[in-house]
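Student: Output the structure for:
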Amino acid sequence: MRNSYLVTYDICEEKRLRKVFQILRGFGDHLQYSVFECQLSRLELLRLRAQLSEVIHHRDDQVLFVDLGPAEGRGDRVITSLGKPYTSLDAPCLIV
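Tutor: So this is what the prediction gives:
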């Protein structure tokens, strides 16, 4: 069974930030700056956490995982916004 997770991160150094972004891009959809939505099995979640754990500095950086529940039966993703409208990020993102 797969669950949907909202994964956000706050990384203090640019090189680690790029690595975290690349790892997450392999696991989910980039929604906004430091926010991804990932649909993961329990094993995939463990792999993701292990990969991120090797990159981040545990005293300085933070990665949050918000479990949104089962991915199946949720219907279509509905994202609403206040202020600037949400737009899907289909183009690859470049962090400089």
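Student: hey, let's count contacts and neighbours off CA atoms from now on
Tutor: OK.
Student: Quote the end-to-end distance of stretch 3-18.
Tutor: This stretch, stretch 3-18, spans 25 Å end to end (CA to CA, to the nearest Å).
Student: what about that stretch, distance to the chain center?
Tutor: 7 Å (CA atoms, centre = their mean, to the nearest Å).
Student: Over to stretch 54-64?
Tutor: On CA atoms, centre = their mean, the centre of stretch 54-64 falls 14 Å from the chain's centre.
Student: Put the alpha carbons of stretch 31-51 into PDB.
Tutor: What follows is stretch 31-51, C-alpha atoms only, in PDB (Å, rounded to 0.1, in the frame of the first residue of the first chain):
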ATOM      1  CA  LEU A  31       5.100  21.500  -5.900                       C
ATOM      2  CA  GLN A  32       6.700  24.600  -4.600                       C
ATOM      3  CA  TYR A  33      10.300  25.700  -3.700                       C
ATOM      4  CA  SER A  34      11.100  23.200  -0.900                       C
ATOM      5  CA  VAL A  35       7.900  21.200  -1.100                       C
ATOM      6  CA  PHE A  36       7.300  17.800  -2.700                       C
ATOM      7  CA  GLU A  37       4.400  15.400  -2.900                       C
ATOM      8  CA  CYS A  38       5.500  11.800  -2.900                       C
ATOM      9  CA  GLN A  39       3.400   8.600  -3.100                       C
ATOM     10  CA  LEU A  40       5.500   6.000  -1.400                       C
ATOM     11  CA  SER A  41       5.300   2.400  -0.100                       C
ATOM     12  CA  ARG A  42       6.800   1.700   3.300                       C
ATOM     13  CA  LEU A  43      10.000   0.500   1.700                       C
ATOM     14  CA  GLU A  44      10.300   3.500  -0.500                       C
ATOM     15  CA  LEU A  45       9.800   5.800   2.500                       C
ATOM     16  CA  LEU A  46      12.600   4.000   4.300                       C
ATOM     17  CA  ARG A  47      14.900   4.400   1.200                       C
ATOM     18  CA  LEU A  48      14.100   8.100   0.900                       C
ATOM     19  CA  ARG A  49      14.800   8.700   4.500                       C
ATOM     20  CA  ALA A  50      18.100   6.800   4.400                       C
ATOM     21  CA  GLN A  51      19.300   8.700   1.300                       C
END
